[in-house]
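K.L.:
show me how the following folds:
(one chain, ligands or ions: 2)
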Amino acid sequence: MKTVNFNSIDRVLSYSKFQNYKELTLPEVCFAGRSNVGKSSLINAILNRKGIAKTSKKPGQTKTILFYRVDKIFSLVDVPGYGYASVSKKKITEISSLLYNYFKFSKNLKNVYVLIDSRHGIKKSDLQFLSFLKENKLNYNYIFTKSDKATQKIRKEYVDNLCKEELAIASQIIFISSKTKEGIKKLKGNILKVVSDYGKNP
Ligand code: GTP
Ligand code: MG
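P.N.:
Ligands and ions are numbered 1, 2, ... in the order given. Take a look at the predicted model:
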């Protein structure tokens, strides 16, 4: 694969409903997780842009599915958070169906990065989401966000628990900080590997 310029974003597409739109042809990796876990901040950190993805202290900022096309090679996908109840029932239904349709039917989705806030650990809604990913045979990796807030002791505990439950392999768990940039390089390498394997096993 040619060298990828992560700064080259030539197109951002936003949808409030998901179908396999004809303009979506490139491989995708998606960042999913509870509201406020740091999905949009992580996209900014990967793309080295301050505000291309909107972030907020308040949960529920991202309300549509957004495709950031990188160097015309692949897309990074930002989605609304799950497990956020402080919006209308109508909005919750809309967001749930958007997420369901995307994860269930996307033809180009190569990997789901499941983001967990290092300050809170894995919650019930994360486990439900993981079961859904497994049922639908989607590839995924764990990312612990806000690692600038995570002690060595808590990191070890999270990794040990995931490995004990056979939910992950230690070397594939990434600790990330959009503030200090810890883990960003490793994650970019992982994304490139995932998208360059695209098409090898049709
Ligand atoms: P929704 O779109 O609402 O689902 O949230 P999100 O997952 O996209 O989170 P967002 O990126 O908007 O970040 C939520 C809050 O976490 C913001 O106040 C960010 O500044 C903060 N945050 C994100 N990443 C980090 C990080 O690496 N370290 C710390 N300390 N704070 C972070
Ligand atoms: Mg967001």
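K.L.:
scan this structure for its longest helix.
P.N.:
helix 89-105 (DSSP state H).
K.L.:
need phi/psi at Gly121.
P.N.:
phi 80, psi -170 (degrees, to the nearest 10).
K.L.:
returning to what we had before: show residues contacting the longest helix of the chain.
P.N.:
With contact meaning CB atoms under 8 Å, 6 or more residues apart in numbering, helix 89-105 is reached by 15-20, 30, 32, 63-65, 77, 79-80, 82, 85, 87, 109, 112, 132-133, 136, 138. C-beta here means a position set from N, CA and C on the backbone, and glycine is covered the same way.
K.L.:
swap in stretch 7-18?
P.N.:
With CB under 8 Å, 6+ apart, stretch 7-18 has contacts from 21, 23-24, 47-49, 52, 63-72, 94, 97-98, 101-102, 105-106.
K.L.:
what number of residues lie near the closest residue to ligand 1 within the chain?
P.N.:
Closest residue of the chain to ligand 1, CB to the nearest ligand atom: Gly81 (2.8 Å). Neighbours of Gly81 under the rule other CB atoms under 10 Å: 23.
K.L.:
show the pLDDT at the nearest residue to it once chain neighbours are set aside.
P.N.:
Of all residues beyond its chain neighbours, the one nearest Gly81 is Ser35 (2.9 Å), with distances taken as CB to CB, 6 or more residues apart in numbering. pLDDT, the model's per-residue confidence, is 94 for Ser35.
K.L.:
wait, isn't Ser35 in contact with Ser56?
P.N.:
No: shown here, Ser35 and Ser56 do not form a contact pair, counting by CB atoms under 8 Å, at 9.7 Å.
K.L.:
out of these two, which sits in the more crowded spot?
P.N.:
Ser35 (21 against 12).
K.L.:
for the more buried one, list the residues it contacts.
P.N.:
Going by CB under 8 Å, 6+ apart, the list of residues near Ser35 reads Pro59, Gly60, Gln61, Pro80, Gly81, Tyr82, Gly83, Tyr84.
K.L.:
likewise Lys181?
P.N.:
Going by CB under 8 Å, 6+ apart, Lys181 touches Ala45.
K.L.:
top strand in this structure by residue count?
P.N.:
strand 109-117 (DSSP state E).
K.L.:
please work out which residues outside whichever helix or strand comes after that one touch it.
P.N.:
For strand 109-117, the following helix or strand on the C-terminal side (DSSP states H and E) is helix 124-135. Residues from elsewhere that reach helix 124-135, judged by CB under 8 Å, 6+ apart: Ala32, Gly33, Arg34, Tyr82, Gly83, Phe103, Val112, Val114, Ile116, Tyr140, Leu167.
K.L.:
most distant residue from the centre of the chain?
P.N.:
Distance to the chain centre peaks in the chain at Lys153, reaching 24.9 Å (criterion: CA atoms, centre = their mean).
K.L.:
so what's that one scoring on pLDDT?
P.N.:
At Lys153, pLDDT is 97.
K.L.:
how about Ala168?
P.N.:
In this model, Ala168 carries a pLDDT of 81.
K.L.:
name the residues of this protein found near ligand 1, please.
P.N.:
35-41, 55-57, 59-62, 80-81, 145-146, 148-149, 177-179 (CB under 6 Å from any ligand atom).
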